[in-house]
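S.K.: Test case, fold it:
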Amino acid sequence: MAFKYLNENCSAEIIVNKSTFIAYLYCVSTKQDVKNILEHLKQQHPKANHYCYGYLLDNNRTQKYSDDSEPAKTAGFPILDVLKKNNIDECLAVVVRYFGGIKLGAGGLTRAYRSAITNVLSKTILVEKIEVPVYHLTVDYHINDEIKNFLDKNCILLNTTYNENVVYEFYCFNESIPKKISDLTKGQKASIVKYIKVVNP
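M.R.: Next up, the predicted model:
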């Protein structure tokens, strides 16, 4: 399954029978990200009645929702369901509710929370990502100019460190690049240190 990812964080608001539902979508990669965002939202909306959410991580292997005192499965569950049906990963969806005095009933609540997330999703851009290796390459200064020019043209540089040698951290989409680097450096190989997900070019 090809998952989709948020291009950026987004928010949108709807009003249902005088209750205000403010929906937020966040790019997240860890449970700690989720915890930090929820704490921030509670500080931002101290008078809200509910902070309901759902999130998906790690190719949807990690997932959780919270109804936050709304009737069971009327809030967090439909929020998470919308994310899953859109094949979204690494995403936290939160709906902050200000109660307007009119009870919506279980069916009304479910529709309202689902509508809030569907609405904010329509306002954001989803992208596809691919997993690529991140390379480390150490080169001597006397060949650095040539290597740097090559990397600038063919790779995405993440970090450059200047010590006794020059150390580059980068990724690329062309699988032949590491071999060309080895040829340019007369045998110095770029080693894979980790994998990351990046937007499919």
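
S.K.: name the helices or strands packed onto the longest helix seen in the chain?
M.R.: The longest helix of the chain (DSSP state H) is helix 105-121. For helix 105-121, the elements it packs on are strand 10-16, strand 19-27, helix 76-85, strand 91-98, judged by 3 or more CB pairs under 8 Å, 6 or more residues apart in numbering; DSSP states H and E. For every residue, glycine as well, the C-beta is placed using N, CA and C.

S.K.: which residues does the residue nearest to the spatial centre of the chain contact?
M.R.: Centroid check for the chain by CA atoms, centre = their mean gives Cys27 as the closest residue, at 3.0 Å. Neighbouring residues of Cys27 by CB atoms under 8 Å, 6 or more residues apart in numbering: 5-6, 8-9, 90-91.

S.K.: Could you check the pLDDT of it?
M.R.: pLDDT, Cys27: 96.

S.K.: hey, what's it bridged with?
M.R.: Cys91 (DSSP bridges).

S.K.: Kindly provide the distance from it to Val120.
M.R.: Distance of Cys27 to Val120, computed by CB to CB, to the nearest Å: 14 Å.

S.K.: ditto for Tyr168
M.R.: 39 Å.

S.K.: go on, Tyr24?
M.R.: 7 Å.

S.K.: Check which residues of the longest helix of the chain are buried.
M.R.: 109-110, 112-118, 120-121 (16 or more other CB atoms under 10 Å).

S.K.: can you list contacts of the longest strand anywhere in the chain?
M.R.: With secondary structure taken from DSSP state E, the chain has its longest strand at strand 126-139. Strand 126-139 has contacts (CB under 8 Å, 6+ apart) with 2-7, 86, 88, 147, 151, 158, 165-173, 178, 181, 185, 188-200.

S.K.: Whichever of these end up buried, select them in PyMOL.
M.R.: Typed into PyMOL, the next command selects the buried ones out of those (criterion: 16+ other CB under 10 Å):
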select buried, resi 3+4+5+6+88+147+151+166+168+169+170+171+172+178+181+185+188+190+197
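
S.K.: still on that earlier bit, hey, what's in contact with both of Tyr24 and Val120?
M.R.: Joint contacts of Tyr24 and Val120 (CB under 8 Å, 6+ apart) are 10-11, 93.

S.K.: Which of those ranks first by neighbour count?
M.R.: For the shared contacts of Tyr24 and Val120, counting by other CB atoms under 10 Å, the largest number of neighbours falls to Ala93: 26 neighbours.

S.K.: Is Glu70 in a helix, a strand, or coil?
M.R.: coil (DSSP: H, G, I helix; E, B strand; the rest coil).
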